[in-house]
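Asks: here's my sequence, what's the structure:
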Amino acid sequence: MEGVLRVDAVRRVGIAGSRPSPGRGGVGVPPRLVVGPAEVELGSRVVRMRGGDPLHGTKARGAVPARERRAELCLDRVVAAEDLRGPGGLVALVEELLGLGECPRLGVAAKAEFELQERGAGARVRDGARDGRPLTARLQNRDADDGAGRHERGEPDDEQDPPVPGRCERTGLGRHRPSVATKRLATFPKAMPSYRELLQQVKSEIDEVGVTRARDLLAGDDRPLVIDVRELDEWTEGRIPGAIHIPRGNLESRIEQAAPDHAQPILLYCAAGNRSAFAAKSLEELGYESVTSLAGGYTDWKRSGLPTELPRTLDGEKRQRYSRHVLIPEVGEEGQLKLLDSRVLLLGAGGLGSPSALYLAAAGVGRLGIVDDDRVDASNLQRQVLHSTSRLGEWKAESAKRTLEELNPDIDVVPYIERLTSENVERILADGWDVIVDGADNFPTRYLINDAAVWHDIPLVHGSIYRFEGQATVFKPGAGPCYRCLFPQPPPPELAPSCAEGGVLGVLPGIVGSLQASEALKLCLGIGEPLVGRLLLFDALATEFSEVNLRRDPNCPVCGDSPTITEYVDYVEFCSGRPTHA
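Replies: I've put the predicted structure just below:
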């Protein structure tokens, strides 16, 4: 035995049987080794060698090329563990000698039991059976008993089932079928409905209307929200007037922003009415109560001669520039087009006006007006990032125009190189502005622009800074208080010094000015909750934000119930100070 274990590099080494088969006495080993192809013969239930010359010791290792010094095994039979427990069983020796643990397609189970991975549950002999008979005899008796029971119950015989190839046979490891039958359950795939069948089923479960009924719905008092679920290239070719665009693939993720009220009527359409039918089904599953699909889609609508329109879209260059805006559901392409059409007037191109103007220009606000009558000074560069050393002595409005148009050539910058006064305020506001950003640091200008914003119904984004403290709010006429509600009378000049007198941390106007730009963008887009009726306070030393609620004063002389100031006054005399910019 020890001699056999030492010859482990011989390729074609086998073990010849000299005793009865497994289950009847074990496996015997002859006193010498032989050369020949190893195999397991069908019916013998033993591992043996077939033919060959005697080969011993070192001659066995030298007679075979090194690359071939591995044993090959071809298993054609499943042998249970209890059949190999005889006094002469050498399963461990066979595994060691033939390298069974290294065979990638052969699993050696616990207790040296060889089994196929796909072998059926009925093929395994229970561990509790201690019958000394051979495996084949026990299986035959069990099959006979099972067959008799099946005939009594009227069940078909397993022998009528076609043989199922084992894993070794499919992969080419063995050339014979396993001797133990494999039982399998037949499975039948469920027939799936076709696209037309599924579409017909969906249409039977939703509400559809024709183009005539859809036209009446759009002309009625309770006009539904019209959503075009086609792709972008289809949308650009024409749409139903007033429709919004949400592609079918984004409908479920973006519908909440477009229609937060689940009871709101919704009319969906696509090219022919198929995609909108599936979309209507999805919205009903999301809980929307009144969803209708347009039968025939945009094709029937246009063919019927009903009104259509060509939507404005971003060209390729603008789509790339503003791609991060387009990705935001609350902005999207429609929102970016709104920004390109928006007009924002900035008072001052100084500390607060610089960051506000830069971010509004970068966002694509189509027209920016800048009112400033000052020149660039070296002391401005510590905080006024619109300007540079090379522009010392230039008008701030002209310097800002150059910087902003270099940043974004899509926008139009209108400089007003003059001080805002009662004489020119009407002329400047006549150019038509949607939002005003107040970057002045003096009370006469603040009171003047507040009164003008109230009378022209223009939202005013206010900001102010001093040393380490800043504040911001939005004065929206008709929706909240105005500046006079907060400060009915200006404080004495000695209690409200300007930046030139009291100083300011250079980064502070960048923080507050950015907040002003954010509020202006929300007002232009009509989204979010602007700081209307709320005063946001910032402490740079403690890095703390706090908020104070503001209320409209019904006795306000400008926006109150009975206003007493209805025309411009001499604000310089009113505040006893000369206006300058931050």
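Asks: can we go C-alpha only for contacts and neighbour counts from here?
Replies: Fine.
Asks: mean confidence score for stretch 320-333?
Replies: When pLDDT is averaged over stretch 320-333, the result is 91.
Asks: swap that for stretch 300-307, sorry
Replies: Taken as a whole, stretch 300-307 has a mean pLDDT of 94.
Asks: likewise for stretch 475-490?
Replies: On average, stretch 475-490 scores 92.
Asks: what's the helix or strand for Gly463?
Replies: Using DSSP states H and E, Gly463 maps to strand 460-466.
Asks: with Val572 instead?
Replies: In the assignment (DSSP H and E), Val572 maps to helix 571-575.
Asks: buried stuff in that helix?
Replies: Of the residues in helix 571-575, 571-572, 575 count as buried by neighbour count, 16 or more other Cα atoms under 10 Å.
Asks: how about stretch 228-240?
Replies: Neighbour-count burial for stretch 228-240 flags 228-230, 235, 239-240 (criterion: 16+ other Cα under 10 Å).
Asks: what pLDDT does the residue lying closest to Lys338 once chain neighbours are set aside get?
Replies: Nearest non-adjacent residue to Lys338, counting by Cα to Cα, 6 or more residues apart in numbering: Leu525, 6.5 Å away. At Leu525, the pLDDT value in this model is 96.
Asks: can you check Ala349 too?
Replies: Looking at Ala349, its pLDDT stands at 96.
Asks: cool, and Ala397?
Replies: For Ala397, pLDDT reads 97.
Asks: cool, and Asp216?
Replies: Confidence for Asp216, expressed as pLDDT, is 94.
Asks: pull the helix or strand harbouring it out as CSV, backbone CA atoms only.
Replies: Per DSSP H and E: Asp216 is located in helix 211-219. What follows is helix 211-219 as a C-alpha-only set of coordinates in CSV (Å, rounded to 0.1, in the frame of the first residue of the first chain):
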residue,chain,number,x,y,z
VAL,A,211,-60.1,65.1,-30.4
THR,A,212,-63.5,66.8,-30.4
ARG,A,213,-64.1,66.0,-26.7
ALA,A,214,-60.5,67.0,-25.9
ARG,A,215,-61.0,70.4,-27.5
ASP,A,216,-64.2,71.0,-25.5
LEU,A,217,-62.3,70.1,-22.3
LEU,A,218,-59.5,72.5,-23.0
ALA,A,219,-62.0,75.3,-23.7
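Asks: list the buried residues for it?
Replies: Using 16+ other Cα under 10 Å as the test for burial, helix 211-219 gives 211, 214, 217-218.
Asks: ok, of those residues, which one's closest to Lys338?
Replies: Proximity of the buried residues of helix 211-219 to Lys338 (Cα to Cα) peaks at Leu218, which lies at 23.9 Å.
Asks: returning to that earlier point: so what secondary structure elements neighbour the helix or strand following the strand holding Gly463?
Replies: Next along the chain after strand 460-466, taking DSSP H and E as the criterion, comes strand 469-475. Here strand 469-475 touches strand 460-466, helix 508-525, strand 534-539, going by 3 or more Cα pairs under 8 Å, 6 or more residues apart in numbering; DSSP states H and E.
Asks: what does strand 469-475 contact?
Replies: Contact with strand 469-475 is made by 459-465, 481-483, 508-509, 512, 515-516, 519, 530-540, as judged by Cα atoms under 8 Å, 6 or more residues apart in numbering.
Asks: rerun that using 7 Å as the cut-off
Replies: Where contact means Cα atoms under 7 Å, 6 or more residues apart in numbering, the residues beyond strand 469-475 that reach it are 459-465, 481-483, 512, 516, 530-532, 534-540.
Asks: next SSE after that strand?
Replies: With elements assigned by DSSP H and E, the helix or strand that comes after strand 469-475 is helix 483-486.
Asks: beta partners of the nearest residue to Ile244 once chain neighbours are set aside?
Replies: Spatially, and ignoring its direct neighbours in sequence, Ile244 is nearest to Ile227 (5.1 Å; Cα to Cα, 6+ apart). Note on Ile227: beta-bridge partners by DSSP bridges are Ile244, Leu268.
Asks: tell me the contacts of Ile227?
Replies: 243-246, 267-269.
Asks: let's have these in CSV, adding neighbour count and pLDDT.
Replies: Converted to CSV, the contacts of Ile227 look like this (neighbours: other Cα atoms under 10 Å; pLDDT from 0 to 100):
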residue, neighbour count, pLDDT
Ala243, 18, 93
Ile244, 17, 91
His245, 20, 91
Ile246, 22, 92
Leu267, 24, 97
Leu268, 26, 97
Tyr269, 30, 97
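Asks: mind showing which ranges of this structure have poor pLDDT?
Replies: Confidence mapping of the chain against pLDDT under 70 gives the ranges 1-188, 493-501, 576-582.
Asks: domains of it?
Replies: Split into domains by automatic domain parsing, the chain comes to 2-171, 195-303, 342-575.
Asks: and the helices in the stretch 151-300 of the chain?
Replies: Listed in chain order, the helices of the stretch 151-300 of the chain (DSSP state H, counting those that start in this stretch) span residues 167-171, 195-203, 211-219, 232-235, 251-258, 274-285, 297-303.
Asks: ok, which of the ones you listed comes nearest Gly335?
Replies: helix 251-258 (12.6 Å).
Asks: angle of that closest one against helix 274-285?
Replies: Orientation check (axes from the mean of the first three to the mean of the last three Cα atoms, to 10 degrees): helix 251-258 against helix 274-285 gives 70 degrees.
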